[in-house]
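Trainee: task: produce atomic coordinates for the following.
(one chain, ligands or ions: 2)
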Amino acid sequence: MAIPAPDESAFTAARGRLDALVKPLGALGRLEDLAAWLSAAHGEVPPRPLDDVRVVVFAGDHGVTGAGPGVSAYPREVTAAMVRVFLAGKSGVNVLARQVGARVRVVDIAVDDDLDGVPEQVRAHKIRRGSGAIDVTDALEPGEAERAFEAGRAVADEEIDAGADLLIPGDMGIGNTTIAAALVAASLGLPAGEVVGTGTGVDEAGRARKVSVVSAALARAGSRTSQPFALLTALGSACAAATAGFLVQGAARGVPVLLDGVFSGAAALVARDIAPDAVRWWLAGHRSTEPSQHFALKALGLDPILDLGLRLGEGSGAVQAVTTLRAARAVIADMGLLADAV
Ligand SMILES: O=C(O)c1ccc[n+]([C@@H]2O[C@H](COP(=O)([O-])O)[C@@H](O)[C@H]2O)c1
Ligand SMILES: Cc1cc2nc[nH]c2cc1C
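Mentor: Ligands and ions are numbered 1, 2, ... in the order given. I've put the predicted structure just below:
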């Protein structure tokens, strides 16, 4: 997959302008890095305003929530219920997106429910109902990871064609922190005990169950984890594959992407193995409380913009980093020059 290179000369020009602004050298810290990054992405100094920000929440269920005492603090029925909440504009990400004028779209990739009465447009990209329980079986049938990846790419294309100048991947899926942990452990060769966190708020016994599910899944998948689509098939889910496709297509179209929490971080790690240069188009919106997100971002070389102790998912953390990105653009666009002042 061809990924364009960000514009090095715009990056250099941005650095020069930032150094000349009416402030001590480097005094705007990370805002300066973001301004230069955005200039390179847009190929111009100053970069264009980020007026059209779009969050896509990929919704789906995960087989690991099925059997016995849970790996989540909440039942899988919440996933389908939340699709209706997103459509009603009442979720956390809906509220936070409104603060920055971002749109929120929900896409049913693998919700374990027919979602009767929900608009057909939401269900148009559905791959299957739920995914397999990765400790005992593959998450996906042969070919489904590729189809879900293409669905994610198609959704990114739809949003970009409609005018998106910044994409945010959101996620909704009870049990998906177990999937994220499995993908990160497999990609980075880490033991389950190091990457598994408490997700929606499981207790120590719940976390121990997650560790044994991830350990069993890693042992079952064996060497298939070295190829990204085989990894998504064995240990991922339709939502993980769709999110990976969304991230890669943003990069392929030269549109910046703000990663959100643990699920998009894990999907990004797998997506990088599909399209290594795509990472250059991604920023990390915020630091999740989940350890696997920490490992994923470190491996990707991404430093989260915000750290608010969030563990909601949905795109809720990344959407708040939009304010910081816009601030970075305003600085390089509107500040005066030191040479004009003294
Ligand atoms: O992204 C995060 O930081 C995050 C951390 C914990 C939970 N979540 C959300 O909670 C759900 C997964 O949690 P769990 O405990 O069911 O695996 C899923 O809908 C995620 O969007 C998200
Ligand atoms: C209510 C609820 C909302 C969520 N949003 C993302 N994950 C979630 C999990 C629960 C339980």
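Trainee: only C-alpha atoms for contact and neighbour calcs from this point on.
Mentor: OK.
Trainee: quick one, what contacts residue 228?
Mentor: Counting by CA atoms under 8 Å, 6 or more residues apart in numbering, residue 228 makes contact with 270, 271, 273, 274.
Trainee: does the third one count as helix, strand or coil?
Mentor: It refers to residue 273. Secondary structure assignment for residue 273 (DSSP: H, G, I helix; E, B strand; the rest coil): helix.
Trainee: what does residue 109 give?
Mentor: Classified using three-state DSSP, residue 109 is strand.
Trainee: how close does it get to residue 59?
Mentor: 6 Å (CA to CA, to the nearest Å).
Trainee: okay, and the most centrally placed residue in the chain sits in which element?
Mentor: By CA atoms, centre = their mean, the chain has its centre lying nearest to residue 264, at 2.6 Å. Element membership of residue 264, judged by DSSP states H and E, is helix 262-274.
Trainee: report the next helix or strand after that helix in sequence order.
Mentor: strand 282-284.
Trainee: following that next one, which helix or strand comes up?
Mentor: Counting by DSSP H and E, the next helix or strand C-terminal to strand 282-284 is helix 291-300.
Trainee: and the stretch 101-250 of the chain, which residues reach ligand 1?
Mentor: 171, 172, 173, 174, 175, 176, 177, 178, 199, 200 (CA under 6 Å from any ligand atom).
Trainee: hmm, try it at 8 Å
Mentor: Within reach of ligand 1 by CA under 8 Å from any ligand atom, the stretch 101-250 of the chain has these residues: 170-179, 198-202.
Trainee: on that earlier part again, so the residue nearest to the centre of the chain touches residue 176, yeah?
Mentor: No: applying CA atoms under 8 Å as the test, residue 264 and residue 176 come out as separate, 10.4 Å apart.
Trainee: relative to helix 262-274, how tilted is the helix or strand where residue 158 lies?
Mentor: Under DSSP H and E, the secondary-structure element containing residue 158 is helix 144-161. Put simply, helix 144-161 runs at 100 degrees to helix 262-274, going by axes from the mean of the first three to the mean of the last three CA atoms, to 10 degrees.
Trainee: who are the packing partners of helix 144-161?
Mentor: Applying 3 or more CA pairs under 8 Å, 6 or more residues apart in numbering; DSSP states H and E, we find helix 144-161 packed against helix 228-235, helix 238-252.
Trainee: out of these, which is closest to ligand 2?
Mentor: The closest of the helices and strands packed on helix 144-161 to ligand 2 is helix 238-252. By CA to the nearest ligand atom, the value is 13.6 Å.
Trainee: following that closest one, which helix or strand shows up next?
Mentor: Where DSSP H and E defines the elements, the next helix or strand beyond helix 238-252 is strand 257-259.
Trainee: and that following strand, which residues are buried?
Mentor: Applying a neighbour-count criterion of 16 or more other CA atoms under 10 Å, one finds 257, 258, 259 buried in strand 257-259.
Trainee: what packs against it?
Mentor: strand 166-172, helix 238-252, strand 282-284.
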